[in-house]
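Enquirer: whatever this is, show me its structure:
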Amino acid sequence: MATVQVSAYDDIMEFLTSSPTPEQIIEFRPSEAMQERVRYLLDENRTGTLTTEQRRELDEIEQIEHFMRRLKIYARSKLTVK
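Expert: Sure thing, here's the model as predicted:
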């Protein structure tokens, strides 16, 4: 069975171009495919079998995760200002 690699950027770009409300931003969760990919990469990392390319991918995902956390904090602040 062939696997389709899911890009974390694809998930985020799809979501952000849908013009989400602050509430939707707060509730955002990565797709099941993205969550599965992260679990795989973390397992590879734990066993010490992560390739250089996979390490870059995991680092990229961590950066996107950090961005989304900051975006959610910002969205919450917009809701509390009202």
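Enquirer: can you give me the helices for the chain?
Expert: In chain order, the chain shows helices spanning 8-16, 22-27, 32-47, 52-81, with DSSP state H as the criterion.
Enquirer: so who does the residue lying closest to Pro30 once chain neighbours are set aside touch?
Expert: Spatial nearest neighbour of Pro30, excluding adjacent residues (C-beta to C-beta, 6 or more residues apart in numbering): Asp11 at 5.4 Å. All C-beta atoms are positioned from the backbone trio N, CA, C, and that covers glycine. With contacts defined as C-beta atoms under 8 Å, 6 or more residues apart in numbering, Asp11 is in contact with Pro30, Ser31, Met34.
Enquirer: per-residue confidence at Asp11?
Expert: According to the predicted model, the pLDDT of Asp11 comes to 87.
Enquirer: how close does it sit to Arg37?
Expert: Note on Asp11: its distance to Arg37, by C-beta to C-beta, to the nearest Å, is 10 Å.
Enquirer: how about Lys78?
Expert: Separation of Lys78 from Arg37 (C-beta to C-beta) stands at 30 Å.
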